[in-house]
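From the sequence below, what's the structure:
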Amino acid sequence: MMKNVTTKAPAYKLQVEIDEFPPDPRTDYDNFGKMVCWHSRYDLGNKHDFSEPSDFLKQCVRDTLSADEVIDFVKKGGCASVKLEYDRHNREWALRTHDAHFNKWFTEYTFSPKTLNHSDMAKEYILECLPINALKELADKKNVILPLYLYDHSGLSISCSHSYPYNDRWDAGQVGWIYAGHDKIKKEYGAVNEETLKQAKQLLISETETYDNYLRGECYGYVIEKDGEEVDSSWGFMGDFKEMLSEMKAGADKEYQHLFDHINYGCMEYAEYEPGDKAVKPSIRKQLTEQAKEVQPEQKSVKRTGPELG
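Residues are numbered from 1 along each chain as shown. All right, here's what the predicted structure looks like:
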């Protein structure tokens, strides 16, 4: 096959490539939120020591809610299957849990009125009894916690949205949460109110989208050569290709910025020659002529020995 040739190396050559060794946004970036995930095959999000989701939620409650806030939650009927009742006969508070199988209430712990109030021990006992939905409700009181859904089909993709394909019955499911406490929100925005909570939520979604770009392999870099010598390169552009192309152009030296105008996802390489120097390529006719001159397989004549059957 005849190859295209040039008589002279281009003055400038820009090549945009997939970054095969991009930074991990969860370990190499200074993030606002933390991402906790559990998966049997993939190591996702930030490192943590929680063996299961309920352990994480318990720690969130421990870190952000007082003992009295947890106790009041149960006293006021915050959880249908756990309750604190005052036993007038024994003059004590009883922590009780409901067993759905037997349809009965069982006493787990008892507290005197003096030991219940402000009791971290009572708080811990309650947390051990609460189901995961009640733990999540408590954790939400002083944290912004968003679910994370992983789509695993010919590659990985993660999102805070439960829309398709992240609600796919076979290839998707919730793998964890991304969160930030009210203390972090106050430090970032100066206050905790409806507006800053909304801003914090959007920032967590944005961080998840960046991590999704990383998992999808939407990470790019570029190399610029001048007269065959590398003069500039930059890597770690993570996100939508068009947006990253604009960032690459903005960050490059002004001498090279015009090269990016010739790049798109279908053509990630551009060569520019000095005025008057043109790439010399054989004409289509010449290429076809050269191909026709290639040695053809020797054809042997076959002597027919019988009638040909159609």
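
Make sure residue 203 is actually in contact with residue 33.
Yes - judged on C-beta atoms under 8 Å, residue 203 makes contact with residue 33 at a distance of 7.1 Å. C-beta: built from backbone N, CA, C; applies to glycine.

between the two, who's got more neighbours?
Neighbour count, other C-beta atoms under 10 Å: between residue 203 and residue 33, residue 33 has more, with 25 against 19.

Distance check, the more buried one against residue 202.
Using C-beta to C-beta, to the nearest Å, residue 33 is found at 11 Å from residue 202.

next helix or strand past the helix or strand residue 214 falls within?
Secondary structure from DSSP states H and E places residue 214 in helix 194-216. Sequence-wise, the next helix or strand downstream of helix 194-216 (DSSP H and E) is strand 219-226.

what's the model's confidence in that next one, averaged?
Averaged across strand 219-226, pLDDT comes to 95.

Which positions within the helix or strand immediately after that strand in the chain qualify as buried?
On the C-terminal side of strand 219-226, the nearest following helix or strand under DSSP H and E is strand 229-238. Using 16 or more other C-beta atoms under 10 Å as the test for burial, strand 229-238 gives 232, 235, 237-238.

and the next element down the chain from strand 229-238?
On the C-terminal side of strand 229-238, the nearest following helix or strand under DSSP H and E is helix 241-251.

Following the chain past that next one, name the next helix or strand.
Later in the chain than helix 241-251, the nearest helix or strand by DSSP H and E is strand 269-272.

Averaged pLDDT, that following strand. What do you get?
Averaged across strand 269-272, pLDDT comes to 89.

What is that strand packed up against?
Applying 3 or more C-beta pairs under 8 Å, 6 or more residues apart in numbering; DSSP states H and E, one finds that strand 269-272 contacts strand 12-18.

Can I get the strand it packs on in CSV, CA atoms only?
Provided in CSV are the C-alpha atoms of strand 12-18 (Å, rounded to 0.1, in the frame of the first residue of the first chain):
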residue,chain,number,x,y,z
TYR,A,12,3.7,23.4,14.1
LYS,A,13,1.9,20.2,15.1
LEU,A,14,-0.8,20.0,17.8
GLN,A,15,-1.9,16.6,19.1
VAL,A,16,-4.7,16.3,21.6
GLU,A,17,-4.7,12.9,23.3
ILE,A,18,-6.6,10.9,26.0
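
Give me the contact list for it.
Strand 12-18 is contacted from outside by 217, 219-226, 245, 248, 256, 259-260, 262-263, 268-272, using C-beta atoms under 8 Å, 6 or more residues apart in numbering.

Show me which of the residues you listed are buried.
219-226, 245, 248, 256, 259-260, 263, 268, 270-271.

Please report phi then psi for the residue nearest to residue 205 when sequence neighbours are not counted.
In space, and not counting its chain neighbours, residue 205 is closest to residue 160: 5.2 Å by C-beta to C-beta, 6 or more residues apart in numbering. Main-chain torsions, residue 160, degrees, to the nearest 10: phi -90, psi -10.

Could you measure from residue 160 over to residue 185?
To residue 185, residue 160 is 17 Å away according to C-beta to C-beta.

ditto for residue 52
Distance of residue 52 to residue 185, computed by C-beta to C-beta: 26 Å.

the more surrounded of the two?
Neighbour comparison, residue 52 and residue 185: the larger count goes to residue 185, with 23 against 9 (by other C-beta under 10 Å).

about what we covered before: just the buried residues of strand 229-238 now: which is nearest residue 109?
Here the nearest of the buried residues of strand 229-238 to residue 109, counting by C-beta to C-beta, is residue 238; it sits at 50.0 Å.

So that closest one sits against residue 212, correct?
No - Residue 238 lies out of contact with residue 212 (C-beta under 8 Å); the separation is 9.8 Å.

could you list every residue that touches residue 183?
residue 64.

Confirm it sits in a strand?
No - assessed with DSSP: H, G, I helix; E, B strand; the rest coil, residue 183 is helix; it does not lie in a strand.

That one and residue 30, how far apart?
Taking C-beta to C-beta, one finds residue 183 at 17 Å from residue 30.

picking up where we left off before, find residues that contact each of residue 203 and residue 33.
Shared contacts of residue 203 and residue 33 (C-beta under 8 Å, 6+ apart): residue 180.

closest to residue 168 among the buried residues of strand 229-238?
residue 238 (24.8 Å).

Relative to residue 213, how far out is that closest one?
To residue 213, residue 238 is 5 Å away according to C-beta to C-beta.

can you give me the end-to-end distance of stretch 208-226?
Length of stretch 208-226, first residue to last, C-alpha to C-alpha, to the nearest Å: 38 Å.
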